[in-house]
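> Provide a 3D model corresponding to the input given below.
(chains A and B)
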There are 2 protein chains.
Amino acid sequence: MVDVAREAGVALRTVSRVVNGDATVGDQLAERIRRAIDHLGYQPDERARQLRSGRTGTIGAAVRHIADAHPVLRAIDESARGVGLTVVAMSTEDDEERERDAVMSMCRRRMDGIIIEPIADGHQYLQAEIDSGLAVVAFDRPATGVAVDTVLSDNRGGIQQAFAHLAAQGHRRIGYIGDDERIYTGRERAAAFREALSGIGEPLDGMVHPGPIEQERIAAALESLRRRAEPVTAIVTGNFNTTVALIRALGPDFGSTALVGFDDFGLADLLRPGLTVVAQGDVEIGRTAIELFRSRLAEPGGPVRTVTVPTRLIVRGTGEIGP
Amino acid sequence: MVDVAREAGVALRTVSRVVNGDATVGDQLAERIRRAIDHLGYQPDERARQLRSGRTGTIGAAVRHIADAHPVLRAIDESARGVGLTVVAMSTEDDEERERDAVMSMCRRRMDGIIIEPIADGHQYLQAEIDSGLAVVAFDRPATGVAVDTVLSDNRGGIQQAFAHLAAQGHRRIGYIGDDERIYTGRERAAAFREALSGIGEPLDGMVHPGPIEQERIAAALESLRRRAEPVTAIVTGNFNTTVALIRALGPDFGSTALVGFDDFGLADLLRPGLTVVAQGDVEIGRTAIELFRSRLAEPGGPVRTVTVPTRLIVRGTGEIGP
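Numbers count the residues shown, from 1 in each chain, chains lettered A, B, ... in the order given. Predicted coordinates:
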């Protein structure tokens, strides 16, 4: 196609239009391109083969924010490249309408499928696309109202790891601050924390603080955990943004209360003390998403799978502060 | 189009194929879709209008790594959304061939244009696409071999700010560790630093360390700055990744040597001491990129512009340590 463009002295974009039967290209120009196609004996190559098969080798990734550091998106991008697939990413901004727009825009752009970090409550709208051959894989949260392959973190297991680690240092009054329970991961993590606290016979009252990730809300949750008759001696945070907001709220007191954060991040080891975290298996989640995606393309009618990827405790300092 | 899909009982993807004249849709199915189009009196809407005009309302962003935190990409995404444009992003991985593949893939996908963080040395290949109406805006680094609208940071001004701030605290032996000079920004920043050092009459010998951003190389550069007969009392780093590697190399000595980093980042205020930085005007860069993009679409033959966005010094602690 590049050779055709060169031979006809036109842009690849124009060749692409003619090949796709776009009527906006003038007759004379289209004729010149067709002559170049004939002259060069332009043969079906991998791309043409993909076009015939309806495949494009491209995956659309609909993620919350394309411009945020996103270790799973990185792993998806790298795994895809490893098997000759290309990822294009769009932001959904945690907005249901935007999510649907992004997915539909990807459908119009002839992606082979989409990998989605689902927001919207109902994903029934995907069913017709799936029936027409679109491969769909959800990650981080399950899609609802439609059965698709899914990769999740072991949210409950991760919270149990964090809790057990603090309990092993002798902590009993352990508080939790995390994400909104309307979000799947926020719900799972808060529920696991409540179970863990009940499991050591401690009352739940006032110890579990899920909610929106806003600096003020998180500072208030911290205050309420500290102002108890018996203040907490340790805190578990439910995700990266909560952890950062809590560290800001602690200010110079950071390092005086034991802390384990859910989610690892690049600079966690540069804090003083270093931050102990429960890390998600980002690389494995990304790799698994691509595997599920390829299996789905290969066998569209195969059974739908959900894979849960384990978390890992990384000890760095804040989680080893005694009660 | 969504209504047509519902009426015909098919996926939007299938309607899109028929509308685009894709022969892979069976005759019977295509006929059913055409009947639904007639029955609903499917009228040219905004999207159809865009199709006729050859516009799609979509910008392809070719950036180094889609999964890294990228404040300019965030600003581009937000500014685009504000004016009804959608951004799809692809990684170039700092690889020339991949950059060209990404750009060509975007051309095939009928983007209205591309916003590119250029890597490759020669961007002549873009000329035919530009001539065919593709809008192209470069940011962070200029494209080479082709005249396109460009948004740059004031790299030289930023280094001067960092240097002048340290000199004002009484530092004279100030070292620099930064990115490879083969990269435009690395070259500009190192050159500005050499000028600044010469400007106060200090010898350059062994004070300026551009190179690949690898932990070992940066640790060695730090060692050489410290082992001088008269060790440096302050360091300027050339970008975010160099700053992080230097902080790791400093280990417990972080905070004993004055430091100003080029590039701000989300957790810079949580370090102890807080990190003084020269911040790039990410929001303004993103906003300007979208403005240039829209002007280019509106007036394809207009004069090519380069906009330079100023940097800003943010004082937090490390830059205020005395000699």
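> average pLDDT across stretch A:2-16?
The average of the pLDDT scores along stretch A:2-16 is 82.
> determine how far that stretch lies from the middle of the whole chain.
38 Å (CA atoms, centre = their mean, to the nearest Å).
> dump it to CSV, keeping only the CA atoms.
The C-alpha trace of stretch A:2-16 is given here as CSV (Å, rounded to 0.1, in the frame of the first residue of the first chain):
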residue,chain,number,x,y,z
VAL,A,2,2.9,2.3,0.8
ASP,A,3,4.4,1.4,-2.6
VAL,A,4,1.1,2.1,-4.3
ALA,A,5,1.0,5.5,-2.6
ARG,A,6,4.5,6.3,-3.8
GLU,A,7,3.8,5.1,-7.4
ALA,A,8,0.7,7.1,-7.7
GLY,A,9,2.3,10.1,-6.0
VAL,A,10,-0.4,10.3,-3.4
ALA,A,11,-0.8,9.9,0.4
LEU,A,12,-1.3,6.5,2.0
ARG,A,13,-4.4,8.0,3.4
THR,A,14,-5.8,8.6,-0.2
VAL,A,15,-4.9,5.0,-1.2
SER,A,16,-6.6,3.8,1.9
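> in it, what counts as buried?
A:Val4, A:Ala5, A:Glu7, A:Ala8, A:Val10, A:Ala11, A:Leu12, A:Arg13, A:Thr14, A:Val15, A:Ser16 (16 or more other CB atoms under 10 Å in any protein chain shown). Just so you know, the C-beta spots here come from the backbone N, C-alpha and C atoms, and that holds for glycine as well.
> quick check, the first one in contact with A:Val15.
Same thing as A:Val4. Yes. If you go by CB atoms under 8 Å, A:Val4 and A:Val15 touch, sitting 5.1 Å apart.
> tell me, what's touching those two both at once?
A:Ile33 (CB atoms under 8 Å, 6 or more residues apart in numbering or on different chains).
> ok so, going back, adding distance to chain B and secondary structure, write the buried residues of stretch A:2-16 out as CSV.
Shown next, in CSV, are the buried residues of stretch A:2-16 (distance: CB to the nearest CB, whole Å; DSSP: H, G, I helix; E, B strand; the rest coil):
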residue, distance to chain B, secondary structure
A:Val4, 12, helix
A:Ala5, 7, helix
A:Glu7, 12, helix
A:Ala8, 10, helix
A:Val10, 7, coil
A:Ala11, 3, coil
A:Leu12, 5, helix
A:Arg13, 4, helix
A:Thr14, 5, helix
A:Val15, 9, helix
A:Ser16, 5, helix
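> among these, which one lies nearest to A:Ala196?
Taking CB to CB as the measure, A:Ser16 is the one of the buried residues of stretch A:2-16 closest to A:Ala196, at 56.3 Å.
> once you drop chain neighbours, what's closest to the closest one?
Among residues not flanking A:Ser16 along the chain, B:Arg108 sits closest, at 4.8 Å (CB to CB, 6 or more residues apart in numbering or on different chains).
> give me phi/psi at the one you found?
Dihedral pair for B:Arg108: phi -70, psi -30, per degrees, to the nearest 10.
> before we move on, what about the one 5 residues further on?
Main-chain torsions, B:Gly113, degrees, to the nearest 10: phi 180, psi -180.
> what's the pLDDT at it?
At B:Gly113, pLDDT is 92.
> what separates it from chain A, distance-wise?
Distance, B:Gly113 to chain A, by CB to the nearest CB, to the nearest Å: 11 Å.
> neighbours of that residue, how many?
Using other CB atoms under 10 Å in any protein chain shown, the number of residues around B:Gly113 comes to 25.
> contact partners for the closest residue to it other than its chain neighbours?
Among residues not flanking B:Gly113 along the chain, B:Ala135 sits closest, at 3.0 Å (CB to CB, 6+ apart). When contacts are counted by CB under 8 Å, 6+ apart, B:Ala135 touches B:Asp112, B:Gly113, B:Ile114, B:Phe293, B:Arg296, B:Leu297, B:Pro300.
> would a markdown table of those residues with secondary structure be doable?
Compiled in a markdown table, the contacts of B:Ala135 are given as follows (DSSP: H, G, I helix; E, B strand; the rest coil):
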| residue | secondary structure |
| --- | --- |
| B:Asp112 | coil |
| B:Gly113 | strand |
| B:Ile114 | strand |
| B:Phe293 | helix |
| B:Arg296 | helix |
| B:Leu297 | helix |
| B:Pro300 | coil |
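> only whichever of those residues are buried, select them in PyMOL.
Applying 16+ other CB under 10 Å to the contacts of B:Ala135, the buried members can be selected in PyMOL as follows:
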select buried, chain B and resi 112+113+114+293+296+297
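> out of the contacts of B:Ala135, who's nearest A:Leu267?
B:Ile114 (31.7 Å).
> and the furthest pair within the contacts of B:Ala135?
B:Ile114 and B:Pro300 (14.3 Å).
> pretty sure A:Arg172 is touching A:Pro203, no?
No. A:Arg172 lies out of contact with A:Pro203 (CB under 8 Å); the separation is 10.9 Å.
> these two - which one has more neighbours?
A:Arg172 (15 against 9).
> and that one, how far from chain B?
With CB to the nearest CB as the criterion, A:Arg172 and chain B are 29 Å apart.
> can you read off the pLDDT for that residue?
96.
> contacts only, for it.
A:Ile200, A:Glu202, A:Thr233, A:Pro323.
> could you identify which of those residues has the most neighbours?
A:Thr233 (20 neighbours).
> next SSE after the worst-scoring helix or strand of chain A on mean pLDDT?
When the helices and strands of chain A are scored by mean pLDDT, DSSP states H and E, helix A:46-53 comes last with a mean of 50. Per DSSP states H and E, the first helix or strand lying C-terminal to helix A:46-53 is strand A:58-63.
> C-alpha coordinates for that following strand, PDB please?
Taking C-alpha atoms only, strand A:58-63 is exported to PDB below (Å, rounded to 0.1, in the frame of the first residue of the first chain):
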ATOM      1  CA  THR A  58      -5.800  -3.800  16.600                       C
ATOM      2  CA  ILE A  59      -7.300  -3.800  20.100                       C
ATOM      3  CA  GLY A  60      -9.100  -0.900  21.500                       C
ATOM      4  CA  ALA A  61      -8.400  -0.300  25.200                       C
ATOM      5  CA  ALA A  62     -11.100   1.700  27.000                       C
ATOM      6  CA  VAL A  63      -9.500   2.800  30.300                       C
END
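> what residues does the stretch 201-323 of chain A have near chain B?
For the stretch 201-323 of chain A, the residues in contact with chain B (CB under 8 Å from any CB of the partner chain) are A:Val244, A:Ile247, A:Arg248, A:Phe254, A:Phe265, A:Gly266, A:Leu267, A:Asp269, A:Leu270, A:Leu271, A:Arg272.
> show me what contacts the third one?
By CB under 8 Å, 6+ apart, the residues touching A:Arg248 are A:Gln215, B:Asp269, B:Leu270.
> show me what contacts the closest residue to the first one other than its chain neighbours?
Looking back up the chat, that one is A:Gln215. Excluding the flanking residues, the one nearest A:Gln215 by CB to CB, 6+ apart is A:Ala245, at 5.2 Å. Contact partners of A:Ala245, counting by CB under 8 Å, 6+ apart, are A:Ile213, A:Glu214, A:Gln215, A:Ile218, A:Ala219.
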